[in-house]
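1. predicted model and sequence below, questions to follow.
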Amino acid sequence: MSTEVTVIVSAFNEEFRIQRCVDSDSLLAQTIVPNIIVVNDGSTDDTLDKLTKYEPLKNFSLMADCKK
């Protein structure tokens with residue numbers, strides 16, 4: 001039986017922490033491959049640039065500059 005896990009990370013001006021968060025062992029554990037969704041809500045720093053490297057990953061989704 002497989003377990004599906006989705007992790008949603010809200011990010012606003014997190015350029016110095018976002019890679020550590022997405023790369024963390026708890027998110028990328030080898031026994032569970034989670035779906036990772038990062039919501040970048042209008043960051044004015046380099047958060048979005050740092051996140052684009054993960055876009056080719058099958059289990060990674062990036063939602064950028066979401067508006068209500």
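-> Everything's here; your move.

2. which residues of this protein fall in strands?
-> 6-11, 35-40, 60-64 (DSSP state E).

3. centroid-nearest residue for the protein?
-> residue 38 (3.7 Å; CA atoms, centre = their mean).

4. okay, now the nearest residue to that one once chain neighbours are set aside: neighbour count?
-> Excluding its sequence neighbours, the residue lying closest to residue 38 (CB to CB, 6 or more residues apart in numbering) is residue 9, at 4.7 Å. Glycine gets a C-beta too; all of them are placed from N, C-alpha and C. Counted with other CB atoms under 10 Å, the neighbours of residue 9 add up to 15.

5. isn't residue 9 up against residue 34?
-> No - using CB atoms under 8 Å, residue 9 is not in contact with residue 34; the gap is 10.9 Å.

6. what's the closest non-adjacent residue to residue 10?
-> Distances taken as CB to CB, 6+ apart place residue 39 nearest to residue 10, at 5.2 Å, with adjacent residues excluded.

7. is the one you found bridged to anything, and to what?
-> Counting by DSSP bridges, residue 39 forms beta bridges with residue 10, residue 63.

8. doesn't residue 9 make contact with it?
-> Yes - counting by CB under 8 Å, residue 39 does reach residue 9; the two are 7.1 Å apart.

9. where does this structure dip in pLDDT?
-> Low-confidence segments of the chain, defined by pLDDT under 70: 1-3, 25-33, 65-68.

10. which residue ranges of it form helices?
-> With DSSP state H, the ranges of helices along the chain come out as 18-23, 47-51.

11. got those helices as a markdown table, with distance to residue 58 columns?
-> Below are the helices of the chain laid out as a markdown table (distance: least, CB to CB, whole Å):
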| stretch | distance to residue 58 |
| --- | --- |
| helix 18-23 | 14 |
| helix 47-51 | 16 |
